[in-house]
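# Need a 3D model of the following:
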Amino acid sequence: MTKLTMVDLKILFLGINKEGTFDEKDIEESDLKKLGVGRILDQLASLKERGLIEMNKNGSFSITSSAKQILWDDEIPLWVKILRVLEIKSQNIKTVASFLLVSDDQVKEEIEDLRKRHLLLMSP
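Numbering: from 1, shown residues only. You can find the predicted model right below:
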């Protein structure tokens, strides 16, 4: 699996929320704008080099199938996706659920199961 940073996750999530394609305007309207142009360009270049986004002819970006498979593929169990998000950065249940596009209750249920299997130490 490709190692992601929190900024990578936010950029990919922006694309997922925009039906797989996002542009400069979408970045400006998100909380990513606070990072500054240089950092955003560096992150976009890094994501492109790793094959997680592609640049379209109109200047927009598309999320690749490889990027979608990291956290948003229906074939990957939810508990694996939760661990992947938490590997990037410790998050509360609501934030994890938001990134994974699932309900808080689904995440709570999976986290409880992960605790029982001693794969996760996280309080509700």
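# my guess is residue 22 contacts residue 14, does it?
Yes: counting by C-beta atoms under 8 Å, residue 22 touches residue 14, with 5.2 Å between them. To be clear about C-beta, it is placed using only N, CA and C from the backbone, and glycine gets the same treatment.
# ok, these two, which is more surrounded?
With neighbours defined as other C-beta atoms under 10 Å, residue 22 and residue 14 compare such that residue 22 has more, 24 against 18.
# contacting residues around that one?
14, 15, 60, 61 (C-beta atoms under 8 Å, 6 or more residues apart in numbering).
# where do the strands sit along the protein?
Taking DSSP state E, the strands of the chain run over residues 21-22, 53-55, 61-63.
# Please identify which of the ones you listed is closest to residue 121.
strand 61-63 (31.7 Å; C-beta to C-beta).
# Just the closest of the contacts of residue 22 to residue 30, please.
residue 14 (5.6 Å).
# Out of the contacts of residue 22, flag the one nearest to residue 95.
Minimum distance to residue 95 across the contacts of residue 22 is 14.8 Å, recorded for residue 14 (C-beta to C-beta).
# which residues does that closest one contact?
In this structure, residue 14 makes contact with 22, 26, 27, 30, 32, judged by C-beta under 8 Å, 6+ apart.
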